[in-house]
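*Asks:* predicted coordinates and the sequence they were generated for:
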Amino acid sequence: MSLPVPLMVRLSTTRADRHITRELRSLSFRENAIGGYASAAFALDRPLLLAPDEIAHYARVYIYDARNGATVWEGRLDDPDRGAGADGQVWNLVAVGPSAHTMDRAVPLIYVDRDMQAFGRAVNLTPGGSDSITEDPGGSGKDALVLQFGEGLTVAQNNTVTMRYPRIARAGQKLARLDYSWDAGGTDTNYAIQAIASTDGGASDTARNQTLAVGGGAASPRVVVTDWSNGRNTLDLRLIRTAAGSQTIPNDGFWVSVMDFYVQAMRYNADGTEKTSSYVTTPNVSDIVADLLGRLLPMYDGAGAVVALTGSVIVQLAYPDGVTAAKVLEDLVTLATGYRWGVYESNTAGKYRFEWVAWPSAVRYEADIVDGFESPASASELYNEVTVRYRNEAGEALTTTRSQSVQILTDGGLTRTAIIDLSGEVGLLANAQLAGDQFLLEHGTPLNRGRLHLARPVLDLGTGRMVMPWEIKAGELIRVRGVLPRVDALNATSRDGVAVFRIASKDVNGAEGTATLDLDSFSGSVPRAVVQVASSVQRRRRYR
Amino acid sequence: MVTVLRFVDRIDPARTVRMDLNDADSGGYWRLLASSRFDPPKAKRARVSTLLSDGATYPATAYDDRVLELAWLVKAETADIIAQEIQRLARELDRPGNIVEYRAGDQPVFFRTRRVGLDTLEVPDDNTRVDVVVTLLAEPFGYGLREDIGPVTVNNDPAAGSNGMHFDLSGIKGDVETPLILRLANSSPLGAGSLTSAYGVRRRGTPANIPLVLQCESMSLNTDTTLPGNDTVMSGSGSNYARCSFATVIAMTSRVYIARFPSASSVDVRGTYRVFLRKRQSASDPVNVRLGYGGSDLGSVTSNFFNDVVATTGTNRKWVDLGLVSIPASPDPVTDGYSGTELAARGVHVSVEAQRVSGSGNLDLDCLLFVPADDRFGTVKWTTDQGGIDNQVLDGVADAAYALEGTTEVRTTNIPSTRTGGVPFISPGVTNRIVWLVNAGENNLNDDKTHTTAVTVSYWPRYLYLRPVST
């Protein structure tokens, strides 16, 4: 290619909309496989005495391919830095991609919660009654919430031992689905175990009501609309004397244990409408993604978003202390490492395109190493075991270890064990096992951490075109010629650490029309190592 | 003939001379010396070179600023006159930008200069003559006087006998490519407001041979698709559109296809195109459409490549952007080895797939428009403030779109015109085809094939050295 780089840059605010290509001193932009458009930086000469109408915080930045009109990067101005020096008066502008909107809001968020530690005593008109989280007295061995009228306590009609789950109400959400199984110390139709759905402890519906029976009761889910009105946000589980008159409790058998408890809050559809039906036992990861789009990400085109259905189910996902959409997405990727998310160009309504999709299983690009290639392929990311720390329903900190066979480690006679901390927000055994298995999948072959430099068109097998370096999409698979040719590389469905790599990120030097691809993971560099160390010391919050 | 060198106020036949810089032979003080240089601009390149291959790669090339090295002898009767003349020059050089007219033959060329200072000033003992040297920086290209073409009438009918969705420009003057200024009369459909137009440029080979329009009725019919007959609002003659009823299959599937488009192979077929579908629905229900393409001469088999699904709705006739297609859609050597002989490109299989998301109603498919998208493609969303606008302008020089009162007054509009992509450029020595889609479907305006757009084209020829008489 021996023509000027055909990239055009446009800035748009409410006061001005200008193409500034010819005024640029420099241009670079970055796209990540996870997150999409990440950042852009460019400098232009403008006097510092004036505030240009097109330069302002959150101005929209567009970078187009002048040949075909496609948007190759888009975001918002984050840092309109001004300076004066030997080069004159220069504005150094930094923009962030639309993925930054995932950090716009931090809110408490409950999706599915099995944590019995969340319950607290309420309507305490019978303080002699007791509550505890302990092993089921019925002998199942499960952790249970045990409510009891103790021996010698005089109990009148409508006296209760009530335990309230307040997290959904405190998060500003509503009840969608709940379930539990239960057991009791005896059979007595004067007493009942009830689930009461109320609005802030006021107006209520009885979602479930069963008299005490020595055989207990199996799980029997209850859902919004069918079992309570839309709008109920507080759950009470209570042992209640329903019969008239009073009784002095004669023995220790007047207890009920609640087990296998879970509650789900109401979610949003991706288009922003409330989901009032079709709640199942465990939501999918894709259900959570859709809720984020509808709830926290109005800047994205939720209705037009591509949200691939994921098989991974969520057994525990609750953030009562607050969370951003970015953090939730990070946790979802941990639970479903076969998927990634990204945010890209906006539509005519100004909303950004969002996708939650599986990592590709077909090689998309073919390139050569002639413009430069580095491939460290460190073994430091190889693991054949992982220990996952999590909390169970009773709030106990536990661990589980998962393993896989890695030939390279086997040949070396080595066992390498990583550790993951799921904390209480994403805990429980099933989630821990899932996260561990996903981690091992990603760490069974050496991560490349290398770089490929491109200064010429490459073949795009997905469209049949030769594409310029800035058109390459991060997240796709690329087969690199000139590196250990093997027949297997021609049939690759995933990265192989040798000749087929996942494009972790793409850095474009717009002024020269070249690009540098990080292969498999972000390339090792001092700044990145510092960030990794800094983020590794951050501890998740613990809560009761 | 004496070389003309002077500062002028504009590049225009009615320009005013600000300062003559070679008037000694006509009683003035300035004599341009033979040591002066008017070198063409140097080309600067991004260079990538490794030991992995022989030679280097040049990802991009652009011309650097032109450097004019000018030397004068300034002679006058007194030192005061000398000082006055030097002051005049210094003031001209100090301007943020200036225009220098240079003519060594019959035709002038103009250089747009940067602010510079005097390099050297040698004053002899008697103070009545001064040797002056200035290194004058200028934009890379010299400019000729503005050339106007038209107005050209562009028909909004893909099947029009002439200028159907395009117009050609040839005989372009200059040495290198130059940006266009397109001035469009603000009449229907532009005057209806909220209109988005799209354009693409082809500047090589024989543009008449490029694939431009593919009538859907000429394609093979697939699931639930028939030829209802003639509709005067559709393009073409006879049975001029295809209708998909979704009677048996509402899911996404091929509705029309063609084994190979275009049918004639040539080097001009090669390229990337943005494909627009002209369609109409009988009900306002959501319909998804998708372009498929693939191996040449494929029959009714499924296409190999698929562009993104495009959601569309509404009963108006509109153009829908189906995305990009490359011909050929495979590894392409372009030339025969090192020979430089370009290989012909064979057409590709093309199909239109459609899905009715909900509701009822038909989908009528009129034609596909292949807009060149490998050189210069862009879109313009025209201002919606239509009161009093006489002309809408797509200005490749200013890199902007705006409205005019008359032909020279820039109007402020509450909602400015915005654009994406590249501005149109044209090149000398070739036929330049500008494919023009005035109503690219981003609004509720019914597309009307009887509409025309009157386009006045202006450009400034750009030169590397001087302007020959003929160009």
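*Replies:* Everything's here; your move. Numbers count the residues shown, from 1 in each chain, chains lettered A, B, ... in the order given.
*Asks:* the strand or helix carrying B:Glu92 - contacts with which helices or strands?
*Replies:* Assigned by DSSP states H and E, B:Glu92 belongs to helix B:79-94. If you count contacts as 3 or more Cβ pairs under 8 Å, 6 or more residues apart in numbering or on different chains; DSSP states H and E, helix B:79-94 packs onto strand B:17-20, strand B:66-75, strand B:129-138. Just so you know, the C-beta spots here come from the backbone N, C-alpha and C atoms, and that holds for glycine as well.
*Asks:* off-centre distance for the shortest one?
*Replies:* It stands for strand B:17-20. From the chain centre to the centre of strand B:17-20 is a distance of 34 Å (Cα atoms, centre = their mean, to the nearest Å).
*Asks:* now do that strand: everything it contacts.
*Replies:* Contact with strand B:17-20 is made by B:Leu5, B:Arg6, B:Phe7, B:Val8, B:Asp9, B:Gly28, B:Trp30, B:Arg88, B:Leu89, B:Glu92, B:Asn98, as judged by Cβ atoms under 8 Å, 6 or more residues apart in numbering or on different chains.
*Asks:* need the pLDDT of the last one.
*Replies:* The one in question is B:Asn98. On the pLDDT scale, B:Asn98 is placed at 95.
*Asks:* B:Leu298 contacts B:His349, doesn't it?
*Replies:* Yes - with contact defined as Cβ atoms under 8 Å, B:Leu298 reaches B:His349; the gap is 3.8 Å.
*Asks:* which neighbours do these two have in common?
*Replies:* Common neighbours of B:Leu298 and B:His349, counting by Cβ under 8 Å, 6+ apart, are B:Ala259, B:Asn304.
*Asks:* most surrounded residue in the contacts of strand B:17-20?
*Replies:* Highest neighbour count within those: B:Leu5, with 23 neighbours (other Cβ atoms under 10 Å in any protein chain shown).
*Asks:* just grab the bridge partners of that residue for me.
*Replies:* Judged by DSSP bridges, the bridge partners of B:Leu5 are B:Tyr102.
*Asks:* that one: what's it in contact with?
*Replies:* Counting by Cβ under 8 Å, 6+ apart, B:Leu5 has contacts B:Asp20, B:Leu21, B:Asn22, B:Leu32, B:Leu70, B:Val100, B:Glu101, B:Tyr102.
*Asks:* same thing but at 6 Å, please
*Replies:* B:Leu21, B:Asn22, B:Leu32, B:Tyr102 (Cβ atoms under 6 Å, 6 or more residues apart in numbering or on different chains).
*Asks:* most neighbours out of those residues, which is it?
*Replies:* Within those, B:Leu21 tops the neighbour count with 28 neighbours, counted by other Cβ under 10 Å.
*Asks:* my guess is it contacts B:Gly28. True?
*Replies:* No - taking Cβ atoms under 6 Å as the definition, B:Leu21 is not a contact partner of B:Gly28, at 9.0 Å.
*Asks:* just the buried residues of stretch B:262-277, please?
*Replies:* Neighbour counts over stretch B:262-277 (16 or more other Cβ atoms under 10 Å in any protein chain shown) mark B:262, B:265-277 as buried.
*Asks:* what do you get for stretch B:77-94?
*Replies:* For stretch B:77-94, burial by neighbour count (16+ other Cβ under 10 Å) applies to B:Ile82, B:Glu85, B:Ile86, B:Arg88, B:Leu89, B:Glu92, B:Leu93.
*Asks:* right, and the first one touches B:Lys75 too?
*Replies:* No - counting by Cβ under 6 Å, B:Ile82 stays clear of B:Lys75, with 8.2 Å between them.
*Asks:* with secondary structure added, can I get the buried residues of stretch B:262-277 in JSON lines?
*Replies:* Putting the buried residues of stretch B:262-277 into JSON lines (DSSP: H, G, I helix; E, B strand; the rest coil) gives the following:
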{"residue": "B:Pro262", "secondary structure": "coil"}
{"residue": "B:Ser265", "secondary structure": "coil"}
{"residue": "B:Ser266", "secondary structure": "strand"}
{"residue": "B:Val267", "secondary structure": "helix"}
{"residue": "B:Asp268", "secondary structure": "helix"}
{"residue": "B:Val269", "secondary structure": "helix"}
{"residue": "B:Arg270", "secondary structure": "coil"}
{"residue": "B:Gly271", "secondary structure": "strand"}
{"residue": "B:Thr272", "secondary structure": "strand"}
{"residue": "B:Tyr273", "secondary structure": "strand"}
{"residue": "B:Arg274", "secondary structure": "strand"}
{"residue": "B:Val275", "secondary structure": "strand"}
{"residue": "B:Phe276", "secondary structure": "strand"}
{"residue": "B:Leu277", "secondary structure": "strand"}
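*Asks:* and the two most separated of these?
*Replies:* Greatest spatial distance among these (Cβ to Cβ): B:Val267 and B:Leu277, at 26.6 Å.
*Asks:* and A:Leu409, that's in a strand?
*Replies:* No - read with three-state DSSP, A:Leu409 is helix and lies in no strand.
*Asks:* quick check: closest non-adjacent residue to it.
*Replies:* What sits nearest to A:Leu409 in space, not counting adjacent residues and going by Cβ to Cβ, 6 or more residues apart in numbering or on different chains, is A:Asn384, at 4.9 Å.
*Asks:* low-scoring stretches of the stretch 1-150 of chain B, by residue?
*Replies:* Applying pLDDT under 70 to the stretch 1-150 of chain B flags the ranges B:1-2.
*Asks:* what residues does the stretch 401-544 of chain A put near chain B?
*Replies:* Residues of the stretch 401-544 of chain A found near chain B (Cβ under 6 Å from any Cβ of the partner chain) are A:Ala455, A:Arg456, A:Leu459, A:Thr463, A:Gly464, A:Arg465, A:Glu512, A:Gly513, A:Thr514.
*Asks:* and the residue in the stretch 101-250 of chain A that chain B sits nearest to, what does it touch?
*Replies:* Nearest residue of the stretch 101-250 of chain A to chain B: A:His101, at 21.6 Å (Cβ to the nearest Cβ). With contact set as Cβ under 6 Å, 6+ apart, A:His101 has these partners: A:Met299.
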